[in-house]
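A.B. asks: Pasting a predicted model and its sequence here:
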Amino acid sequence: QVQLVESGGGLVQAGGSLRLSCAASGRTFSMSAMGWFRQAPGKEREFVAAISWSAGTTYYADSVKGRFTISRDKAKNTVYLQMNSLKPEDTAVYYCGATTTPIVNILRYYNYWGQGTQVTVSS
């Protein structure tokens, strides 16, 4: 099992920045990648960004490319999501996930999830 704990959400004005963190514990050696998904009210959970645990290869949804940056600290078993130029449409609960498969941008391939952290962007 892998346990994930997110932190760093909050309220920010449009154009502002936030950094989310996700600390993993447990059988972290089984992870092939970690990612961030988000779910806005009334919408399905959608892919935001992911990073392969070994090589550090990054993947982004088109809606966040150029604004969000995912990174990892292997020594701390932690992944980060730096979010810049935030927009009201970025408002959602952000979930950290871990997958043991090579598929990093599809929800059902993620085995483990954190509890989620709220990000609210005011206009």
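C.D. replies: Cool, got the structure.

A.B. asks: Only C-alpha atoms from now on, for both contacts and neighbour counts.
C.D. replies: OK.

A.B. asks: Which residues does stretch 56-64 contact?
C.D. replies: Phe47, Val48, Ala49, Ala50, Ile51, Ser52, Ile70, Ser71, Arg72, Asn105 (Cα atoms under 8 Å, 6 or more residues apart in numbering).

A.B. asks: quick one, what contacts the first one?
C.D. replies: Going by Cα under 8 Å, 6+ apart, Phe47 touches Gly35, Trp36, Phe37, Arg38, Tyr60, Ala61, Asn105, Ile106, Leu107.

A.B. asks: Just the buried ones from those?
C.D. replies: Listed as buried from the contacts of Phe47 are Gly35, Trp36, Phe37, Arg38, Tyr60, Asn105, Leu107; burial here means 16 or more other Cα atoms under 10 Å.

A.B. asks: wait, which of those is closest to Gly97?
C.D. replies: Comparing these against Gly97 with Cα to Cα picks out Gly35 as the nearest, at 5.2 Å.

A.B. asks: Understood, closing this out.
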